[in-house]
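> Below are the sequence and a predicted model; questions follow.
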Amino acid sequence: MRVVELSNHPGDMLDHAARRRQGAERRLLSVYEDDLVRYRARVQVAKVEKDRARAGHRWWAWLRLSVTAWRVKRTIPRPPVPAAGHAPYGLSDLEEKIMAGIAGENLVAAELGRLLGDSWTLFRGYHNRRGEIDHLLLGPRGLFAIEVKNLNATVHIDGDRWRADKYDRYGNLVEQRVIADRLGRSPSVQLNEPADELARFLARQGQRAVVQRAVILAHPRSRLGTVRDPTVLAGTSAGYALDLVEVSASRLDRDQRAAIADLIRRDHAFHGKRPPTARPGRSRRTPSR
């Protein structure tokens, strides 16, 4: 299987999150260093006053200033770092979430690459005006749009509403949340919107390929709960995508695959050059290309 990386949005997000965290760390460190300078100045002043009282044989003043110096020393600022030998703060929650997503995408890509031959191509990071698709898999049995979620939870699906239930090791429900991106789109909407747009674009260019859709829950402890009226297929392992390939009724010959692959690259490149004014989900006519 050939892998074509069109973009690396998760990697870019991870770099951005890391830079933000490191900037915050530098600001905290700067504040700590300023506090430390002021602390050392207070300690020095207290010491000088105590020594002057001693030199002048002002013993009650010396005793009082000795207590003051002791109290000042106890106000040393705490450094904004854990024990020596550790990274200053470790990864942020956002970085860990992005890294988990990247790990899930890589797992699915590796599983597909292990079992699919050279007639298959995996496009990673395709996007158009309606959003991004993690993987576009193109081969003799059709075109597949795949969204990957790395969720340690039981996922319930009701149409386009997705919910994650997380349990502790004793089976107690500890968290329940809606699964949605920053625009409030569930995984199925997140996948269907750009997949629909891609299908329309291919049709306008004379390639009426069916874009088959699946959300893969790649975490080893992901489970599917109640599923009602789903708008995309959903599976709980990287191998689920391979099962979809096996049962697919679509057929694409070599010329069709070459034409579709070229159109996918062109469409992705076109949207990569557009100014970032059109938000995903906004209705706007796309020019022919």
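Cool, the structure landed. Numbers count the residues shown, from 1 in each chain.

> State the distance from residue 77 to residue 32.
Separation of residue 77 from residue 32 (CB to CB, to the nearest Å) stands at 6 Å. No exception for glycine: its C-beta is placed from N, CA and C like everyone else's.

> those strands in this structure, which residues are they?
Remark: strands assigned in the chain by DSSP state E are 2-5, 121-128, 131-139, 142-149, 154-158, 161-167, 173-178, 211-217, 223-228, 233-235.

> Walk me through which strands the longest one pairs with, and which way each runs.
This points to strand 131-139. strand 121-128 (antiparallel), strand 142-149 (antiparallel) (DSSP bridges).

> Going by neighbour count, list what's buried in the last one.
Of the residues in strand 142-149, those scored as buried under the neighbour-count criterion (16 or more other CB atoms under 10 Å) are 142-149.

> Now pLDDT and distance to residue 112 too, for those, in TSV please.
Shown next, in TSV, are those (pLDDT from 0 to 100; distance: CB to CB, whole Å):
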residue	pLDDT	distance to residue 112
142	95	14
143	97	14
144	96	10
145	97	13
146	95	9
147	94	14
148	92	11
149	92	16
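
> of those residues, closest to residue 240?
residue 146 (9.4 Å; CB to CB).

> mind listing what that closest one touches?
Counting by CB atoms under 8 Å, 6 or more residues apart in numbering, residue 146 makes contact with 108, 133-137, 213-216, 241.

> same thing but at 10 Å, please
Residues near residue 146 by CB atoms under 10 Å, 6 or more residues apart in numbering: 105, 108-109, 112, 122, 133-137, 191, 195, 212-216, 232-233, 235, 238, 240-241, 244.

> What distance do you get for it to residue 234?
Applying CB to CB, the value for residue 146 to residue 234 is 11 Å.

> who touches both of those two?
Counting by CB under 10 Å, 6+ apart, the contacts common to residue 146 and residue 234 are 213-216, 240.

> How many residues are close by residue 120?
20 (other CB atoms under 10 Å).

> Dig out what the residue nearest to it when sequence neighbours are not counted forms beta bridges with.
For residue 120, ignoring the flanking residues on the chain, the nearest one in space by CB to CB, 6 or more residues apart in numbering is residue 139 at 3.7 Å. Residues in a beta bridge with residue 139, per DSSP bridges, are residue 142.

> ok, now residue 175?
Residues in beta-bridge contact with residue 175 (DSSP bridges): residue 166.
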